[in-house]
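[1] coords please:
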Amino acid sequence: MKPLDIRCNHQDRMKAADILGDALSAGQIDFDEFENRSAACVNATTRGELLEPLADLVEDPEVLLFGAQSGSTAIYSGNQESNAIAKVQQAMKQVQPSAGQSRSLALGIFGGSTVNGGAVDHELTAMGIFGGVDIDLAGVALRNRTTTINAVGLFGGTDVYIPEGFRVRMGGLGLFGGHDLKVENGAIHPNDLPVDAPEIIVNCFSLFGGVDVHVTKR
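    This next block holds a predicted model:
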């Protein structure tokens, strides 16, 4: 079976819908096109069908949806697989259910706010309103194996920095703004990690602002 003949799943369809939402807010497509392409994504059964509505909107839609090691590009060598497992093990060390007082809110209103230490609750709301919020999870203790970040950018921005080793799911809505997942400096793409890796869910809401998620090397 060819890689693009593999059946897509609900998470793949949600990622495709997020890309279409960004394209609508950026003016790449109008609302009618958005509806038609969204319907095609909902009805897609294979990876290849899911890529067609995105082909003229973004570079490398296959990598955005399925990761750099999606089967049509390359297969992990033994060393790469071992490296991915090692990163997951490092990420798991950050999951500390018994961590002390944890943070659940970060506000940047007409200024800035930073989260870069201590503990974070199972759900963290970060709001950049005419200001900015930076969340760096590299040195943060996480109370749960799955952590949800509600990132809001209203005439401001929120940046979330996630060390490699976590799977990442993004969703949300951008109106005259947007949100991006950026895998930086050769970090392992979240989609290329084992399915049992700990997970960060980022719900993005932006209005004349933006939310960027950066996956960084450890």
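
[2] from what I can see Arg7 touches Thr46, true?
    Yes: between Arg7 and Thr46 there is a contact under Cβ atoms under 8 Å: 5.8 Å. (Glycine included, C-beta is placed from N, CA and C.)

[3] okay, these two: which has more neighbours?
    Legend: neighbour count by other Cβ atoms under 10 Å for Arg7 and Thr46, higher for Thr46 (15 against 12).

[4] I'd say the more buried one and Asp5 touch.
    Yes: counting by Cβ under 8 Å, Asp5 is a contact partner of Thr46 at 5.5 Å.

[5] Parallel or antiparallel, which strands does the strand ranked longest in the chain pair with?
    When the chain is parsed with DSSP state E, its longest strand is strand 119-129. Strand 119-129 has the following strand partners under DSSP bridges: strand 102-109 (parallel), strand 141-142 (parallel), strand 146-154 (parallel).

[6] Report pLDDT for Asn191.
    With respect to pLDDT, Asn191 has a value of 85.

[7] That one against Arg167, yeah?
    Yes: using Cβ under 8 Å, Asn191 is in contact with Arg167, at 7.5 Å.

[8] what number of residues lie near the residue lying closest to Val183 once chain neighbours are set aside?
    Nearest residue to Val183 in three dimensions, chain neighbours excluded: Val215, at 4.6 Å (Cβ to Cβ, 6 or more residues apart in numbering). Val215 has 22 neighbours, counted by other Cβ under 10 Å.

[9] Contacts only, for the spatially closest residue to Asp196 that is not a sequence neighbour.
    Leaving aside its chain neighbours, Asp196 sits nearest to Val88 (7.8 Å; criterion: Cβ to Cβ, 6+ apart). By Cβ atoms under 8 Å, 6 or more residues apart in numbering, Val88 lies in contact with 165, 193-194, 196-198.

[10] Kindly recompute the last result at 7 Å.
    Val88 is in contact with 165, 193-194, 197, counting by Cβ atoms under 7 Å, 6 or more residues apart in numbering.

[11] starting at the chain centroid, how far to the host helix or strand of it?
    Per DSSP states H and E, Val88 falls inside helix 78-93. Chain-centre distance of helix 78-93: 19 Å, with Cα atoms, centre = their mean, to the nearest Å.

[12] Give the buried residues for that helix.
    Judged by neighbour count (16 or more other Cβ atoms under 10 Å), helix 78-93 contains these buried residues: 84, 87-88, 91-92.

[13] Could you export that helix as CSV, CA atoms only?
    Taking C-alpha atoms only, helix 78-93 is exported to CSV below (Å, rounded to 0.1, in the frame of the first residue of the first chain):
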residue,chain,number,x,y,z
GLY,A,78,17.2,2.4,14.3
ASN,A,79,19.1,5.5,15.6
GLN,A,80,16.2,7.9,14.9
GLU,A,81,13.7,5.6,16.6
SER,A,82,15.9,5.3,19.7
ASN,A,83,16.3,9.1,19.7
ALA,A,84,12.6,9.6,19.6
ILE,A,85,12.0,7.2,22.5
ALA,A,86,14.7,9.0,24.5
LYS,A,87,13.0,12.3,24.0
VAL,A,88,9.7,10.8,25.1
GLN,A,89,11.4,9.5,28.2
GLN,A,90,12.7,13.0,29.0
ALA,A,91,9.3,14.5,28.4
MET,A,92,7.8,11.9,30.8
LYS,A,93,10.1,13.1,33.6
